[in-house]
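Participant: Okay, sequence plus prediction incoming.
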Amino acid sequence: MLALLPLALVCELLALATRLSPLSVISGALLVLFFAWHWRSLMPYPRRLGLVTLGLFGYWVLFDEPDWQQAQRMLSSAAYYAAFIGALGLAHCAVRRLPQLGELHRLVLRLPRASLYPSYLLSTFAISSVLSFGMLNLVCGSLERYLERQPYNQQQRREGARGVMVTALRGFALVPLLAPTSVTVAILTRELPGLSWSALLPFGLLCGAILLAVGWPMENRRLRQLQPTAESPQTVAPPDTADGLRSLLCASLLGILLIALLANLTWLSATQAAMLLVPLAVAGMLLYQGGAPMAVYTEVRDTLAGMRNETFIFACSALLGGLTAVLIPVERLASHFSSTPMGLFGLGSAGMLAIIALALLGVAPIISLSLCAALLAQLAGHGVAIMQPAVALLVGFSLAMLLSPYGPSALMLARHAQLSPWRIAFGWNGRFVLLVLGPLLLVPLLA
């Protein structure tokens, strides 16, 4: 039954390339079969989310007026979201073959003292735009190995490790604002067809500049604790390591250019272009390195199976968004927001703060974003301008990643730092979020 996942991914990618919607519906049906068969292998949170989704679906079937077209749209959305996380997650197959990433700390910490924070921030952003949460595992694991080889005292280790982890988390939080491979861009451009990554990017760049300007003086002094001293072992990264990182950076930039080019020359959005190019590039790399076709298929299948919890959460969030759109009437709200300029600001601010608040209560930001995007799509159908609230949702998702003590990023850092996830979320990021929240609330007004 593991073969159903790669088959569902292929069907959805073919649906994107050929614009044949029945293939997307078939992909969604294959996902339903896979998760029905592998239900017990899911973690508790996805299973609870699945029960909530199933209950809401049952309510829609019993008490509303369901039709096959609406069900098709929901299956297509679930297939699209699942294919998004699956297609981009295949990048892990390539990264496993890049040991140069483990030398990140050695290379960055030899840069000028004033540039440590932006260097770490942009490096972790670049890595996490491909690896997602895998970036945090990579950075934290390689940091522990780096610290073991250096003669730091206890305070240097504690302060320096905190600086690296916080900066890595904030680099991860830049992905929703800047990357065409981010889930926020995928959801917003899917639910709001008039929206594009290129239209959102200027506002994301402004928000990223605010995050950089506020965090730079706060964390750079901590990162200086880890810079080599005269007493430190004078180890130099091998030339092939530095060359490998430069090659990786060039390859990443080339990939972004190809994504933008494909999006400009075809009907595909930037997100859809990334969904098609990443699996092709990974499969080509594995075959080029001498992998047999069957071995490549097995690695791809096992990688997708390893992401089944994330895939299930993404698919459920799509279904929840679709069910919310058909169950909640928004006609009365539309007239208020379309006629009141400040209404759009209030709508966007409410969505931004709702995503953050729900994240604090344990609701994954991907779920609350899907619900907000579904409602926003309904409002757009009644003539409401959606650019300003869409930018606000983008910002809210980014901040929720920093503040949620229940999110996988906070839990992952808490395990490595041996601290409470509440300490990670509020002790490390609370003051920072309070400082940036005001300026970021004003950015959507520019839209």
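Facilitator: Sure thing, it's come through. Predicted model only: the values in this text are computed from it and were never measured.
Participant: count of neighbours near the residue lying closest to residue 312 once chain neighbours are set aside?
Facilitator: Once flanking residues are discounted, residue 312 sits nearest to residue 46: 4.6 Å by Cβ to Cβ, 6 or more residues apart in numbering. Quick note: C-beta positions are derived from backbone N, CA and C, even for glycine. Close neighbours of residue 46, defined as other Cβ atoms under 10 Å, add up to 21.
Participant: Give the next helix or strand downstream of the strand or helix carrying residue 46.
Facilitator: Residue 46 is located in helix 44-63, with elements delineated by DSSP states H and E. Once the chain leaves helix 44-63, the next helix or strand it forms, by DSSP H and E, is helix 68-89.
Participant: Model confidence for the closest residue to residue 206 other than its chain neighbours, exactly?
Facilitator: Using Cβ to Cβ, 6+ apart and skipping residues adjacent in sequence, the residue nearest residue 206 is residue 443, 5.7 Å away. On pLDDT, residue 443 comes in at 92.
Participant: doesn't residue 208 make contact with residue 443?
Facilitator: No: proximity of residue 443 to residue 208 does not meet the contact threshold set by Cβ atoms under 8 Å, at 10.5 Å.
Participant: Residue 226: what secondary structure?
Facilitator: Following DSSP: H, G, I helix; E, B strand; the rest coil, the label given to residue 226 is coil.
Participant: all numbers from here: first residue = 52
Facilitator: Sure, I'll start numbering at 52, so the last one becomes residue 277.
Participant: Distance of it relative to residue 222?
Facilitator: Separation of residue 277 from residue 222 (Cβ to Cβ, to the nearest Å): 16 Å.
Participant: Can you pull the poorly scored residue ranges out of the stretch 252-401 of the chain?
Facilitator: Along the stretch 252-401 of the chain, segments meeting pLDDT under 70 span 279-303, 380-392.
Participant: before we move on, back to that, for the residue nearest to residue 257, give its distance to residue 139.
Facilitator: When residue 494 is compared with residue 139 (using Cβ to Cβ), they lie 26 Å apart.
Participant: okay, now residue 429: neighbour count?
Facilitator: 20.
Participant: Please read the previous query as pertaining to residue 346.
Facilitator: 12.
Participant: these two touch, right, the residue nearest to residue 363 and residue 360?
Facilitator: Yes: proximity of residue 97 to residue 360 meets the contact threshold set by Cβ under 8 Å, at 5.0 Å.
Participant: what kind of secondary structure is residue 435 in?
Facilitator: With three-state DSSP as the basis, residue 435 sits in coil.
Participant: ok, back up a step: OK, contacts around the residue nearest to residue 363?
Facilitator: Applying Cβ atoms under 8 Å, 6 or more residues apart in numbering, we find residue 97 in contact with 360, 363-364, 367.
Participant: Tell me, how many residues neighbour residue 262?
Facilitator: Counted with other Cβ under 10 Å, residues neighbouring residue 262 total 26.
Participant: what helix or strand is it on?
Facilitator: Element membership for residue 262, per DSSP H and E: helix 248-275.
Participant: In that helix, which residues are buried?
Facilitator: 248, 251-252, 254-255, 257-259, 261-262, 265-267, 270-271, 273-275 (16 or more other Cβ atoms under 10 Å).
Participant: Check stretch 97-106 too.
Facilitator: 97-98, 100-101, 104.
Participant: of those residues, closest to residue 353?
Facilitator: Closest approach between those and residue 353, by Cβ to Cβ: residue 97, at 18.9 Å.
Participant: separation between that closest one and residue 237?
Facilitator: 19 Å.
Participant: Give me the distance between the two termini of stretch 352-367.
Facilitator: 21 Å (Cα to Cα, to the nearest Å).
Participant: what's it in contact with?
Facilitator: Residues from elsewhere that reach stretch 352-367 (Cβ under 8 Å, 6+ apart): 53-54, 56-57, 60, 79, 82, 86, 89, 92-94, 96-97, 100-101, 104, 129-130, 132-133, 135-137, 140-141, 143-144, 234, 415, 417-418.
Participant: Then stretch 448-461?
Facilitator: Residues from elsewhere that reach stretch 448-461, judged by Cβ under 8 Å, 6+ apart: 184, 187, 220-221, 223-225, 227-228, 235, 258, 262, 403, 406-407, 409-411, 413, 415-416, 419-420, 471-473, 475-477, 480-481, 483-484, 487-488, 491.
Participant: Show me just the buried residues among these.
Facilitator: By 16+ other Cβ under 10 Å, the contacts of stretch 448-461 give 184, 187, 220-221, 223-225, 227-228, 235, 258, 262, 403, 406-407, 409-410, 415-416, 419-420, 472, 475-477, 480, 483-484, 487, 491 as buried.
Participant: circling back to that earlier point, which of the contacts of residue 97 fall within helices?
Facilitator: If you go by DSSP state H, these have 360, 363-364, 367 in helices.
Participant: Considering the residues you listed, which possesses the most neighbours?
Facilitator: Busiest of the ones in helices among the contacts of residue 97 [other Cβ under 10 Å] is residue 363, holding 27 neighbours.
Participant: What separation is there between that one and residue 102?
Facilitator: Remark: distance between residue 363 and residue 102 (Cβ to Cβ) = 12 Å.
Participant: Would you mind writing the CA trace of stretch 398-412 as PDB?
Facilitator: This file holds the C-alpha atoms of stretch 398-412, laid out as PDB (Å, rounded to 0.1, in the frame of the first residue of the first chain):
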ATOM      1  CA  LEU A 398     -10.100  41.900   8.700                       C
ATOM      2  CA  GLY A 399      -6.400  41.400   8.000                       C
ATOM      3  CA  SER A 400      -5.400  42.300  11.600                       C
ATOM      4  CA  ALA A 401      -8.000  39.900  13.000                       C
ATOM      5  CA  GLY A 402      -6.700  37.100  10.700                       C
ATOM      6  CA  MET A 403      -3.100  37.700  11.600                       C
ATOM      7  CA  LEU A 404      -3.800  37.800  15.400                       C
ATOM      8  CA  ALA A 405      -6.100  34.800  15.100                       C
ATOM      9  CA  ILE A 406      -3.400  32.600  13.600                       C
ATOM     10  CA  ILE A 407      -1.000  33.600  16.300                       C
ATOM     11  CA  ALA A 408      -3.600  33.100  19.100                       C
ATOM     12  CA  LEU A 409      -4.600  29.700  17.800                       C
ATOM     13  CA  ALA A 410      -1.000  28.700  17.600                       C
ATOM     14  CA  LEU A 411      -0.600  29.500  21.300                       C
ATOM     15  CA  LEU A 412      -3.500  27.200  22.000                       C
END
